[in-house]
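Q: with the sequence up front, the predicted model follows.
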Amino acid sequence: MKIAVQTEAFDLNAEVGALYQANPKVGAVASFLGLVRDINEGQGVSTLSLEHYPGMTEKALAQIVENARQRWEVLDAAVIHRVGALLPTEPIVLVAVASGHRGDAFAACEFIMDFLKTRAPFWKKEVTPEGEHWVDARESDDRAAARWGGSDT
Amino acid sequence: MKVRLLYFARLREVFATGQETPDIPENVTTLADLLDWLRQRGGVWAEELAAGRAYRVAINQDLVERDALLHESDEVAIFPPVTGG
C-alpha cells in the first residue's frame, strides 16, 4: 500500500504498474485521476493552492484504505495527493486499487475517493484574477460518502 | 493543563495564527469546554466557533465529537470542512 502527500508530479503508468507487475494474482486495477479545472466557482482560475495537515493526512488516508480492505479484496493500492500550487490541467490526486476482479477494484477505488473528499484534511484555495478564496465543502461529497453506510461513514 | 492548538486553512488566516500552546483552566475538561473557553476571547473566535458554524476538530489527529475528553499535551486541531481531491 502506498500513501503519499507530495508537491511533485507523479507518473500514472509507473504507479499503476507497481500495483500489479510483481503480483500475478492481480486481475484488475481501477484508477481515478483527479485534475485541476480552469473553471470552478470563480472564472478563469489561474492557480489552485492546496494546504494539508501533515501527519493527520497520511493517517486519515491509511485508515480509509484499511476500511476499504475490510470490505473488498484489495491486493494493493496507491493514494497520492499533491499539495502546494497547482495549475489547471495538472493531476492533483491518484487513487488506484489492484484486485482479483474488476468489481472489487471499482468499488474500493470509488469508496477511497469518496472518503478522501470528506475525511482527509486537505483544503483548496483558488487564486483567480479577481482575488483568492477558500473553496467551500460540498454537501454532495458528504452524500457520496454517506451512501456507503456503515460505521466508517 | 497545556494543549497544543492547531488551526488550518481559512481558520488559520482568520485567527491570524497557525498554532499556540495555551495553559487552559482546570475546569476545561472536554472539547466542548475548550471551544467555550476559546469563544470567550470574543471577536473572530466567538464568531467562527459559534454553534451552527461548520468546522471540524481532531484530537491527536483523529476526528472527534464535542464530548471528547482532553488530556495533557493533546494536539487539538480546528479546521474548516475538508476540500481535497
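A: Good, I have the coordinates. Numbers count the residues shown, from 1 in each chain, chains lettered A, B, ... in the order given.
Q: can you give me the helices in chain B?
A: For chain B, the helices defined by DSSP state H occupy B:9-15, B:31-39, B:43-48.
Q: so which residues make contact with the longest one?
A: Residues from elsewhere that reach helix B:31-39 (C-beta atoms under 8 Å, 6 or more residues apart in numbering or on different chains): B:3, B:24-25, B:27-28, B:45-46, B:49-50, B:57, B:59, B:64-70, B:76. Using the backbone N, CA and C atoms, a C-beta is placed for each residue, glycine as well.
Q: equivalent analysis for the first one, please.
A: The contact list for helix B:9-15, computed with C-beta under 8 Å, 6+ apart, reads A:51, A:123, A:125, A:134, B:7, B:18, B:44-45, B:48, B:55, B:78-80.
Q: average model confidence for it?
A: Helix B:9-15 carries an average pLDDT of 98.
Q: quick check, distance from it to the centre of its chain.
A: Relative to its chain's centre, helix B:9-15 lies at 12 Å (C-alpha atoms, centre = their mean, to the nearest Å).
Q: got it, and stretch A:17-26?
A: The answer for stretch A:17-26 is 21 Å, by C-alpha atoms, centre = their mean.
Q: and it, what's buried?
A: If you call a residue buried by 16 or more other C-beta atoms under 10 Å in any protein chain shown, then stretch A:17-26 has these buried ones: A:A18, A:L19, A:Y20, A:V26.
Q: wait, isn't the first one in contact with A:K2?
A: Yes - distance between A:A18 and A:K2: 7.5 Å, which falls inside the contact criterion (C-beta atoms under 8 Å).
Q: and for those two, which residues touch both?
A: Shared contacts of A:A18 and A:K2 (C-beta under 8 Å, 6+ apart): A:A78.
Q: which helix or which strand is home to A:K125?
A: Element membership for A:K125, per DSSP states H and E: strand A:122-128.
Q: understood, closing this out.
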